[in-house]
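K.L.:
coords please:
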Amino acid sequence: MKYYVLRVLFLQTQSLQKLVKEIHFPLKLESIGVSPSGKAAVFGIAMRRFESFHPNLKKRGIMELLTSKREQNGKNDNKRLRRQRQIPAVVYGQGEAQSISIALNDFEAFLRKIPKGELSTARFSLAVDKEKVEVLVKDVQYAKTSYDILHLDFLKLDKKQLVTVNVPVRFTGQMACPGLKLGGVLRPVMRTVKIRCLPDQIPSHFEIDVSQLSLKQSKRVKDIQFSKDIRVVSKMDEVVGLIGKR
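P.N.:
Okay, here's the model as predicted:
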């Protein structure tokens, strides 16, 4: 079996070995002597290189949001909440729907931390009735003219149940792509790939390397490296992106 070798600090190898065990990825570890001032930098470089081998490792932490329970759900009540800079929201899951509200400033602050296009895979922890509930954003309703957030729908997650997620796709290797050097243009065909997995296995995004593509060549869903914990719902032969003529 082929192994990738990462040289990391001995003091950090236990935590890395635990991560490797959880994702079932072939890896051998070697330790090297580094001055105390270089410890953080060396381990950070090692982890970034390790993540580059497997896109499914790029998982984001869970963001926590405080909520308030809503007793009334009418249009007038929703308008009142928005004037108070609160977002009306509903948490769906397990046959139930719970009405809540979230501070607009708090939610917008979290949105600024999420890379563009990755809201669908961002997990939130909501404090609802003194209970923390892990959720995904199911739908966002925007105002047509101002683009202000009017309403949010959340999907409650169960750590033991599979969830269907649309995972965004990122393209890499454009600088080395022969087709682009010849005057071609990268045309994304699919913005997301639909998968099913457990909540803890949701990747923030998938990466597709186009560094070897010439004109009129493409990458398909089957070219993405999926971990064994992920079930692909999208068709494997679907084109994700191609190098076309201008």
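
K.L.:
quick check: which ranges of this protein have low pLDDT?
P.N.:
1-61 (pLDDT under 70).

K.L.:
show me where this protein has helices.
P.N.:
13-23, 39-53, 75-83, 104-113, 178-181 (DSSP state H).

K.L.:
excluding chain neighbours, what is closest to Ser101?
P.N.:
Gln86 (4.3 Å; Cβ to Cβ, 6 or more residues apart in numbering). (C-beta placed from N, C-alpha, C; glycine too.)

K.L.:
quick one: residues contacting the one you found.
P.N.:
Contact analysis of Gln86 by Cβ atoms under 8 Å, 6 or more residues apart in numbering lists 68, 101-104.

K.L.:
how close does the nearest residue to Ile224 once chain neighbours are set aside get to Thr172?
P.N.:
Leaving aside its chain neighbours, Ile224 sits nearest to Phe206 (5.1 Å; criterion: Cβ to Cβ, 6+ apart). In this view, Phe206 and Thr172 are 11 Å apart by Cβ to Cβ, to the nearest Å.

K.L.:
cool, Asp209 as well?
P.N.:
Distance from Asp209 to Thr172, by Cβ to Cβ: 5 Å.

K.L.:
same deal with Lys181?
P.N.:
On the measure of Cβ to Cβ, Lys181 and Thr172 end up 16 Å apart.

K.L.:
again with Asp106
P.N.:
From Asp106 to Thr172 the distance is 33 Å (Cβ to Cβ).

K.L.:
distance of Leu198 from Ile62?
P.N.:
Using Cβ to Cβ, Leu198 is found at 14 Å from Ile62.
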